[in-house]
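J.: Sequence and predicted structure below; questions after.
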Amino acid sequence: MKAEERLIQEIRRVVDSTPELAGRLRCGIGDDAAILDRFNGNLVVTTDMLCDGIDFICGKDQPEDIGRKTLAVNLSDLAAMGAVPLAVVISVLLPLDAEKRIGPVSEFAQRFFRGMVPLAKQYAAAIAGGDTNAWHGAFAVSVTALGSVEPNRALLRGGALPGDRIFVTGAVGGSIFGRQFRFYPRIVEALYLARYHRVHAAIDISDGLEIDLARLARESSVRYTLNRRAVPLHSDLLSPPADAETFPGWETPKTPIEHALGDGEDFELILALPPEEARRLIAEQPFLAAARGREKYRRRIESICQENGFLFSEEDYRQFAEAQLTEIGFFEEGIPADNPKDAGWEYQF
């Protein structure tokens, strides 16, 4: 049996054994195309391709971590749009010498998709199928994620206005220590902010805080001023974790703030909010309040989760404490600046 066929069988086995992964489908794996059940609002579509040696390293990074990241980066794009996940389609490109590059295909596939399952279940994202192929290069995977957003509720990059304050949803700069394999997509946070606050624009941090902020400013035709001292630094930057030596290359001449601005793969959200909303968010800190059990905010988040079929444990609710909203600058009139030099994420390990 070809490696691709073994992989398809493994995908189908995982999906068939996990009913939650087909909850939004009328027809899933096994036909020429999937059929999605009806949904409310507008359809949102995003796709990301990840490759061995660029976004992860087979043989170094665990297959479960690779699978989780592959799904999580697409869910983060949906979060940046304020969209509810519906389904994902997964296409995998296997190396012809797969046994040499990734080990036994069945074992790799099982562990790869095992890494996806918890996030897919948590955010009710159906695994609708995909494609497999083989070539002479490295392992690569592409995920297309489908979501829905209520009409006129989408968070776009082009809505920032002069005077808006720039916010970030959590600490940045942790990817040098592998945080890109463990982050939580800010889906619930985005849905909450779109419902209870006025958010003029949003983008997620994939290539780096500064370059993604510049992209948002350019789409909105405004300039930005960034207060570097206000940028929340991930704790690992200030005190390297005990397993730091397992991340070759983490000792660099860069300062913590340079890592935070340019390393990328933080997958926090950058937000543009009018001044009055900014003041309210700073005072309320709704996600931190929910994590600490404040009833008003916890009830609102629970309602969002229940409406969309999200499965959140008590531990999952506690992780909202990491989503502390921080004001880091403001937008003003003017011609947007060019992208910062040397910005953009690249695997360094």
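T.: That came through, no problem. Residues are numbered from 1 along each chain as shown.
J.: Stretch 195-210: end-to-end distance?
T.: The first residue of stretch 195-210 is 27 Å away from its last residue (C-alpha to C-alpha, to the nearest Å).
J.: Wait, residue 260 touches residue 233, no?
T.: Yes: applying C-beta atoms under 8 Å, one finds residue 260 in contact with residue 233, separated by 5.3 Å. (Each C-beta comes from the backbone N, C-alpha and C, glycine too.)
J.: ok, those two, which is more surrounded?
T.: residue 260 (28 against 16; other C-beta atoms under 10 Å).
J.: and that one, what element?
T.: helix 256-262 (DSSP states H and E).
J.: ditto for residue 118
T.: helix 105-122.
J.: Tell me the buried residues in that helix?
T.: Buried residues in helix 105-122, counting neighbours by 16 or more other C-beta atoms under 10 Å, are found at 105, 108-113, 115-117, 119-122.
J.: So which other helices or strands are in contact with it?
T.: In terms of contacts (3 or more C-beta pairs under 8 Å, 6 or more residues apart in numbering; DSSP states H and E), helix 105-122 is packed against helix 3-16, helix 63-80, helix 98-101, strand 126-135.
J.: Mutual contacts of residue 260 and residue 233, please.
T.: 172, 173 (C-beta atoms under 8 Å, 6 or more residues apart in numbering).
J.: OK, contacts around the residue nearest to residue 203 when sequence neighbours are not counted?
T.: Leaving aside its sequence neighbours, residue 203 sits nearest to residue 216 (C-beta to C-beta, 6 or more residues apart in numbering; 4.6 Å). Residues near residue 216 by C-beta under 8 Å, 6+ apart: 157, 160, 201, 202, 203, 224, 270, 272.
J.: most tightly surrounded among the helices and strands packed on helix 105-122?
T.: Among the helices and strands packed on helix 105-122, helix 63-80 has the highest mean neighbour count (mean count of other C-beta atoms under 10 Å), at a mean of 25.
J.: which strands and helices sit next to that helix?
T.: Partner elements for helix 63-80 (3+ C-beta pairs under 8 Å, 6+ apart): strand 42-51, strand 84-95, helix 105-122, strand 140-149, helix 187-196, strand 201-204.
J.: Centre of the chain to the second one, how far?
T.: It stands for strand 84-95. 14 Å (C-alpha atoms, centre = their mean, to the nearest Å).
J.: can you state the direction angle for it and helix 187-196?
T.: Interaxial angle of strand 84-95 relative to helix 187-196 (axes from the mean of the first three to the mean of the last three C-alpha atoms, to 10 degrees): 150 degrees.
J.: which strands and helices sit next to strand 84-95?
T.: Using 3+ C-beta pairs under 8 Å, 6+ apart: strand 84-95 touches helix 3-16, helix 63-80, strand 126-135, strand 140-149, helix 187-196.
J.: how far off helix 105-122 does the longest one point, in degrees?
T.: Helix 63-80 and helix 105-122 are oriented at 30 degrees to each other (the same axes, to 10 degrees).
J.: Just send the helices and strands packed on helix 63-80 back as TSV, with distance to residue 314 too.
T.: Formatted as TSV, the helices and strands packed on helix 63-80 follow (distance: least, C-beta to C-beta, whole Å):
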stretch	distance to residue 314
strand 42-51	30
strand 84-95	22
helix 105-122	13
strand 140-149	26
helix 187-196	15
strand 201-204	26
